[in-house]
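Asks: here is my input; please provide its structure:
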Amino acid sequence: MAENNTEIVETNVADEVQPEVAPAESTDSTEKKRGRRAQKVGTVSSDKMTKTVVVNVNRQILHPKYRRYIRRTTKFMAHDELGAATGDRVLIEETRPMSARKRWQVLEIVQKAAK
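Replies: Below is the predicted model:
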């Protein structure tokens, strides 16, 4: 019978080289970093509520079977301090929840509606 001569090598974890860790920078506890907020451009479809507009945002998706682009529309309720009117193209941005359905705010009016 052949014997396998195997050698067991024990290593100490403390002997291994540990990467240096940079000291943590002191930051204010009140300062919070947030990621980039989503922004969308859409058309105001309703301005009948106080400081709230309904914005239709159009997008195109590729149909998985037929490989054709399909238009889809999504409605967003947005907080409006700028006084956007129906038909205006506006830029909206994600924000904290302001009500049950309102989680966007109007950043700027891109184009006024033609009268």
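Asks: setting aside sequence neighbours, what's the nearest residue to the most centrally placed residue in the chain?
Replies: A centroid search over the chain (C-alpha atoms, centre = their mean) returns Ala38, at 3.9 Å, as the residue closest to the centre. Leaving aside its sequence neighbours, Ala38 sits nearest to Glu94 (C-beta to C-beta, 6 or more residues apart in numbering; 4.6 Å). Placement of C-beta: from N, CA and C, glycine included.
Asks: beta partners of the one you found?
Replies: Trp104 (DSSP bridges).
Asks: could you do Val57 as well?
Replies: Beta-bridge pairing for Val57 (DSSP bridges): Thr74.
Asks: and the strands in the protein, which stretches?
Replies: Counting by DSSP state E, the chain has strands at residues 39-49, 52-62, 69-79, 89-94, 102-111.
Asks: can you redo these as CSV with mean neighbour count?
Replies: As requested, those are arranged in CSV below (neighbours: other C-beta atoms under 10 Å):
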stretch, mean neighbour count
strand 39-49, 16
strand 52-62, 15
strand 69-79, 14
strand 89-94, 19
strand 102-111, 17
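Asks: I'd like those strands as CSV, with mean pLDDT and distance to Asn5 appended.
Replies: Below are the strands of the chain laid out as CSV (pLDDT from 0 to 100; distance: least, C-beta to C-beta, whole Å):
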stretch, mean pLDDT, distance to Asn5
strand 39-49, 97, 67
strand 52-62, 98, 62
strand 69-79, 98, 68
strand 89-94, 98, 65
strand 102-111, 98, 69
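Asks: relative to Lys33, which of those is closest?
Replies: With C-beta to C-beta as the criterion, Lys33 lies closest to strand 89-94 of the strands of the chain, at 15.7 Å.
Asks: please save the CA atoms from the closest one in PDB.
Replies: Extracted as PDB, the C-alpha positions of strand 89-94 are listed here (Å, rounded to 0.1, in the frame of the first residue of the first chain):
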ATOM      1  CA  ARG A  89     -44.100  70.300 -19.900                       C
ATOM      2  CA  VAL A  90     -42.500  70.000 -16.400                       C
ATOM      3  CA  LEU A  91     -39.500  68.400 -14.800                       C
ATOM      4  CA  ILE A  92     -40.400  66.400 -11.700                       C
ATOM      5  CA  GLU A  93     -38.100  64.900  -9.100                       C
ATOM      6  CA  GLU A  94     -38.600  62.200  -6.500                       C
END
